[in-house]
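Student: Using only what follows, build the 3D model:
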Amino acid sequence: MKTPALLCFLLFSQSWAFEFIIDGEWESETSGPLDQYHQSGRYRRNVLTNGEEEDFEAIQGNDITIKSYKVESRITLRFAHTIVKSSVVNSGPNAQSIGFNVQIPKRAFINNFTMNVNGIQFVGSVKEKTVARNLYALARARGKAAGIVRTNSQAMEMFKTEVHVPPGNKVEFELHYQEMMQRKLGVYQHTLHLQPGRLVPQLQVDVYIFEPKGIKFVTASNTLGQRLADLAKITHTKEKAHIVFKPTLQQQRKCENCTESAVNGVFTVKYDVERESNAGELQVSDGHFVQFFAPSDLSPLSKNIVFVIDVSGSMWGLKMKQTVEAMKSILDDLSMDDYFSIVDFNHNVRCWSEDLVQASSIQVDEAKKYVQSIRPNGGTNINEALLRAVQMLVRATNQGLVDPRSVSMIILVSDGDPTVGEIKLSTIQKNMKRVMREQFSLFSLGIGFDVDFDFLERMSMDNRGIAQRIYANHDAAEQLKTFYSQVSSPLLRSITIHFPDKAVNSVTQNRFDKFFSGSELIVAGKLQPSDLTTLQSFTTASAANMDLNIQTEADIQELDSVLGTHQHSFSGFARQMWAYITVNQLLAERSLATTSSKKRSITQRIVALALEHQFVTPFTAMLVEGHDQGRAERLIADSPRDSKHGCCSATAPLSGPPQVQQVVFSNPPWLLPTVAPNPNEATGNQDSFIPGHITGVDSDPHFIIHLPKSNMDICFNIDSKPGHILNLISDPGTGVTVNGQLVGSKKMKNNKIQTYFSTISIYSKTDSVQVIVGTDRIDLMEVKNNHSFSWGATVELALNRMRVTIVKEQHVTVTIDGKISVMVLLHRVWKKHPVQVDFLGIYMSNDNEYSTQVHGLIGQFAQEPKVKVYGVHEGADPKKKEATMEVKGNKLSVTRGWQKDYRRDKKRGSDVYCWFIHNSGKGFIDGSYTSYILPQLDSFLTPI
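Tutor: A predicted model of the protein is given here:
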């Protein structure tokens, strides 16, 4: 357990004496290894459980009147700035001490505290801790000290201060703290403890949320009882939400005529944001940037898990019962693609199976029976148990049993320190660091307060995992299951988020070992001075059977102009968020530092950042100063001694320097057309000028077939019905089929429903991969894995022989084995257009390498037929000449016209002059167009 430590206030004045006892110690830069802490007793064990904490009141004192108690939180792009204010009057006949207590999240940094006592205004500023140390020593010598004691709550810490107030006088308190919201299981949660202890005339909570990409949902709940359950009011627009909780005096009463307050519990706001694409969200403000990355619609990676369970005597009773209950539920959650085993240990180490086994229903049932039969007894041999678990993973990897793209992890559950075998904590940590492979992760769950949680946390962080304390009470099983849920669905491995050279600096951790479903990766940094108007980010990652390259960008000025118009947004969020992440990462790095010199170097960086950004950290203190008739009054605020919090939930940095490589998305040459010819030049053979050597289908739907040997373009329309699926390419030889599904216009035009392609499917039977491009999203379908992407970002994907490139709101290019390329172009129309709908165009290279079996409305022309055009003459329309065409043994009347190639200009297009075949291509295509209508998007064409 971390040493309870100092968030202390020391006031130097005969009139304003604090009488609150410090509980904790200062940390020395030259502190010894873990074992010295352990042996010296500095890690004092505390047997309090979460349900056994002492009663808490925000305002303490006798004969006092609380005039107001207000809490305001401004959450801007996941960064929260919270202010707690209270005004209190000493209504009694005598001077007395009045306490101001606030429970704040453990991950929060206090960044301001002010008091006004009898007209003396105390204003805070963060200083180096040496100042606080000297003042602390002076106050201690005089017996005058104040402090904050860490309580054993799951996520909160208690801020306490006391001030001496004469009768009839008022004191005003104001505390500021900042924290970054962590996304867990798809939700951001903002928690406020409301425990004023008395009825308050002005009791109000305001939470303002601003998310420029949109708020997906927002809820507010509390544990204040039925009378107050539905009092929160939520105002919610697309980008903003305001949650207000403002109970009247009567509503605050426990009962109709009670004088006691019912406001004693937790007020919780939960929300999530809209994500238009898997590229994440890049925002720039105040010379800083923040990249949020939380992809979804990806298939989970398979897992290889070894559960290491402490079954020593101290686990007897409720702890073991709840661990067994949780393990049975966790085992049921394993999928057939997962491999697992169980190691249980006391003074001995046992394995349910010496090797990983597939999580079939039979094996899972056997494992559940084994867990149910466990009877705790004996000592604790953590070292050997963990080494045995690593050996299992190494053996499975060496034997090729596990998928190279799978995730391997060890989940340790223990309630105590080692007592058997290797008991030196630093040696155990070194052993694990030595044997754990780069692709393995360790997650540790410490039950209760007899376990050295600092040790578990260090060891997990050192091996690409995290640790969490489990509280030994009635819901311990639920805590275990919730933790497992957070790590049970890994979506990506080896994630790197990087930026163009010389565009940014001071970038926070940008390489992550894993990304779990429902969580979020965040990278922040500073902008370099430049003339750039946009900033780009490039993300690379490995998914199930697929590698991703994702590009996104942000306008450098846009967000600042928006923030300036929002009254309740936090305009300095990006600067503070960057500092918050950086300080937390440095604290984590310092906790793993092996030498005093490294610790000192990191501490200096922490202090410098904390002073600049006014954070109370383990190495800084807040000096709160005021003057009374020219006399200086001072008090000091410190943070808890050692907040070894990781920076990024469910992630761990990859070792080694980042391999910065800018992703360049280049189009094949055929994607860009040449300049179209002048229509006056399009006569005779000159009529067949090649505009970009392209074959494609666009609009409603107009086919353009380029015939290279004849050096001409042929056009025709297909008049089919909405819902029909038309085959474009069907090639059994290469295993590729390309089909398009039609959608109708909203209304008739000229007594006719126009049809467009709304969905294009490119299916490779050889690879068992299908790419379905729609106007709203792009789906990649595999045998066992499905992935979905929006049009909102530029993404490059590699799936076996297939390469898929999505260019934001423009087009998708699919290349199969480097031989067949297809480009699908997105056309957006005005959403309220009375007739038209969004639709797709499709373009193909004439250099595609099909087999001799290829067919389809487009594919049949890979084997170019002989075409002869003659008898060119004036037509009914002077602008359109007419002629006779001989092709496939047919004589067709054709008209000279033009269609549009929209690759370069989606709005106006480029004219492609061609000979137009009437009657849905009859005579030019084999058979009737109805022969090309298929039942499914992945169907191949039957012989015509």
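Student: just the helices in this structure please.
Tutor: Here the chain has its helices, by DSSP state H, at 34-40, 129-141, 249-252, 318-333, 361-372, 382-398, 425-435, 453-461, 476-487, 558-563, 573-592, 596-613.
Student: do you know which of these lies nearest residue 896?
Tutor: Set against residue 896 and scored by C-beta to C-beta, the helices of the chain come closest in helix 558-563, at 48.2 Å. C-beta here means a position set from N, CA and C on the backbone, and glycine is covered the same way.
Student: got the CA positions of that closest one in PDB?
Tutor: Coordinates of each C-alpha in helix 558-563 appear next as PDB, following Å, rounded to 0.1, in the frame of the first residue of the first chain:
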ATOM      1  CA  GLU A 558     -10.500  26.000 -36.200                       C
ATOM      2  CA  LEU A 559     -10.800  24.700 -32.600                       C
ATOM      3  CA  ASP A 560      -9.600  27.900 -30.900                       C
ATOM      4  CA  SER A 561     -12.100  30.000 -32.900                       C
ATOM      5  CA  VAL A 562     -14.900  27.600 -31.700                       C
ATOM      6  CA  LEU A 563     -13.700  27.600 -28.000                       C
END
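Student: Pull out the buried residues from it.
Tutor: Judged by neighbour count using 16 or more other C-beta atoms under 10 Å, the buried positions of helix 558-563 are 559, 563.
Student: list the contacts for the residue nearest the centre of the chain?
Tutor: The residue lying closest to the centre of the chain (C-alpha atoms, centre = their mean) is residue 520, at 1.8 Å. Neighbour list for residue 520: 78, 182-183, 292-294, 649 [criterion: C-beta atoms under 8 Å, 6 or more residues apart in numbering].
Student: hmm, try it at 6 Å
Tutor: For residue 520, the contacting residues are 183, 292, 294, by C-beta atoms under 6 Å, 6 or more residues apart in numbering.
Student: Run a quick neighbour tally on the first one.
Tutor: Right, the one you point to is residue 183. When counting by other C-beta atoms under 10 Å, one arrives at 20 neighbours for residue 183.
Student: now do the second one
Tutor: The number of residues packed around residue 292, counting by other C-beta under 10 Å, is 20.
Student: swap in the last one?
Tutor: With neighbours defined by other C-beta under 10 Å, the count for residue 294 comes to 20.
Student: Now do the strands in the stretch 651-800 of the chain.
Tutor: 694-698, 702-707, 712-717, 725-731, 736-744, 755-764, 769-774, 777-781, 786-790, 794-799 (DSSP state E, counting those that start in this stretch).
Student: Make TSV from the ones you listed and add mean neighbour count, distance to residue 253 and mean pLDDT to it.
Tutor: Formatted as TSV, these follow (neighbours: other C-beta atoms under 10 Å; distance: least, C-beta to C-beta, whole Å; pLDDT from 0 to 100):
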stretch	mean neighbour count	distance to residue 253	mean pLDDT
strand 694-698	25	70	88
strand 702-707	22	74	93
strand 712-717	23	76	94
strand 725-731	24	67	97
strand 736-744	24	61	96
strand 755-764	24	60	96
strand 769-774	22	57	96
strand 777-781	19	53	91
strand 786-790	20	51	86
strand 794-799	21	57	88
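Student: for the contacts of residue 520, which one is nearest residue 591?
Tutor: residue 183 (23.5 Å).
Student: Run through the bridge partners of the closest one.
Tutor: Residue 183 forms beta bridges with residue 188, as assigned by DSSP bridges.
Student: Quick check: pLDDT value at it.
Tutor: What the model reports for residue 183 is a pLDDT of 96.
Student: what do you get for residue 19?
Tutor: 28.
Student: now the residue nearest to the centre of the chain: how far from residue 924?
Tutor: In this view, residue 520 and residue 924 are 54 Å apart by C-beta to C-beta, to the nearest Å.
Student: Kindly report the same for residue 113.
Tutor: To residue 924, residue 113 is 82 Å away according to C-beta to C-beta.
Student: How many residues are close by the nearest residue to residue 197 once chain neighbours are set aside?
Tutor: What sits nearest to residue 197 in space, not counting adjacent residues and going by C-beta to C-beta, 6 or more residues apart in numbering, is residue 57, at 3.2 Å. When neighbours are defined as other C-beta under 10 Å, residue 57 has 14 of them.
Student: give me the beta-bridge partners of the nearest residue to residue 577 once chain neighbours are set aside?
Tutor: Spatially, and ignoring its direct neighbours in sequence, residue 577 is nearest to residue 79 (4.5 Å; C-beta to C-beta, 6+ apart). Note on residue 79: beta-bridge partners by DSSP bridges are residue 76, residue 180.
Student: who's in contact with residue 543?
Tutor: The neighbourhood of residue 543, defined by C-beta under 6 Å, 6+ apart, consists of 298, 492.
Student: okay, and the helix or strand of the protein with the least pLDDT?
Tutor: Lowest mean confidence among the helices and strands of the chain (mean pLDDT, DSSP states H and E): helix 34-40, at a mean of 34.
Student: For the helices of the chain, which has the smallest mean pLDDT value?
Tutor: Note on the helices of the chain: lowest mean pLDDT is at helix 34-40, with a mean of 34.
Student: didn't residue 414 look like it was pressed against residue 309?
Tutor: No: applying C-beta atoms under 6 Å as the test, residue 414 and residue 309 come out as separate, 8.1 Å apart.
Student: Compare the two (neighbour count), which wins?
Tutor: Using other C-beta under 10 Å, the more surrounded residue of residue 414 and residue 309 is residue 414, with 28 against 24.
Student: Check the gap between that one and residue 340 for me.
Tutor: To residue 340, residue 414 is 19 Å away according to C-beta to C-beta.
Student: What does the pLDDT read for the residue nearest to the centre of the chain?
Tutor: 96.
Student: all numbers from here: first residue = 263
Tutor: Will do, 263 is the new start, and the previous item becomes residue 782.
Student: Let me know which of the helices of the chain is the nearest to residue 546.
Tutor: helix 820-825 (6.0 Å).
Student: Off-centre distance for that closest one?
Tutor: Centre-to-centre, helix 820-825 and its host chain are 23 Å apart (C-alpha atoms, centre = their mean, to the nearest Å).
Student: Please apply the same query to stretch 1031-1038.
Tutor: Chain-centre distance of stretch 1031-1038: 24 Å, with C-alpha atoms, centre = their mean.
Student: before we move on, what about stretch 1167-1176?
Tutor: Stretch 1167-1176 sits 41 Å away from the centroid of its parent chain (C-alpha atoms, centre = their mean).
Student: so what are the domain limits for this structure?
Tutor: Structural domains annotated on the chain: 326-535, 542-559+755-839, 565-750, 964-1196, as defined by the TED database.
Student: Disregarding residues adjacent in the polypeptide, which is nearest to residue 1190?
Tutor: Spatial nearest neighbour of residue 1190, excluding adjacent residues (C-beta to C-beta, 6+ apart): residue 1184 at 7.0 Å.
Student: Give me the neighbour count for that neighbour.
Tutor: 14.
Student: bridging residues for it?
Tutor: Counting by DSSP bridges, residue 1184 is bridged to residue 1187.
Student: Tell me how far it lies from residue 1115.
Tutor: Applying C-beta to C-beta to residue 1184 and residue 1115 gives a distance of 24 Å.
Student: Ok, residue 678 next?
Tutor: Taking C-beta to C-beta, one finds residue 678 at 69 Å from residue 1115.
Student: quick one on the thing from earlier: indicate which one of the domains of the chain is closest to residue 1206.
Tutor: With C-beta to C-beta as the measure, domain 964-1196 is the member of the domains of the chain nearest residue 1206 (4.6 Å).
Student: Please consider this matter closed, and thank you.
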